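[1] Would you be able to build a 3D model of this:
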Amino acid sequence: MTAPPLKVLVLCTHNRCRSILFEAIARAEGGAALEVRSAGSEPAGEVHPATLEALTRAGIPTEGLRSEGWDSYEAWDPDLVITVCDRAAQEPCPLWLGQAHRLHWGLPDPSRLEGTKQNEAFTEVMASIRARLRDLSALATTHPRR
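    The predicted structure is shown next:
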């Protein structure tokens, strides 16, 4: 019998770049061990256009991605909540008060840059997300849930 997927909620303040990248990459590459969704404490209401462009360049589907508030997932009851805001940049980080385990994986915001630097930053952030997802998928298949 296969274990149910680890339910992961990825939070950032505006849910328009890093948390969206994490959700999209997880959907495309995360496998059956993870069910990932993203939200924000102060959602922007739209995904940053550069985020969608970076995902499209990488061949990752963008259908269904949207910037939404974390209240959409109060009843979803995630196993793990990951914040991705960059405390080094003095960004406010959302605080999840539910019962889930919590991790902070700070990522710089590539949407704040422009031109070639922005493309390079998206590539780096997406590579970091992929590496973290591999680790998370491995953990999800070997460790029991809460």
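[2] Which strand or helix spans residue 82?
    In this assignment (DSSP states H and E), residue 82 forms part of strand 80-83.
[3] for the longest helix anywhere in the chain, packing partners?
    Longest helix in the chain, counting residues (DSSP state H): helix 115-142. In terms of contacts (3 or more CB pairs under 8 Å, 6 or more residues apart in numbering; DSSP states H and E), helix 115-142 is packed against strand 6-12, helix 18-29, strand 34-40, helix 49-57. C-beta: built from backbone N, CA, C; applies to glycine.
[4] Which parts of the last one count as buried, going by neighbours?
    Within helix 49-57, the residues that qualify as buried by neighbour count (16 or more other CB atoms under 10 Å) are 50, 51, 52, 54, 55.
[5] Quick one: low-confidence residue ranges for the protein.
    The model of the chain has pLDDT under 70 over residues 1, 87-98, 143-146.
[6] Residue 37 reaches residue 9, doesn't it?
    Yes - contact criterion CB atoms under 8 Å: residue 37 and residue 9 qualify, at 5.6 Å.
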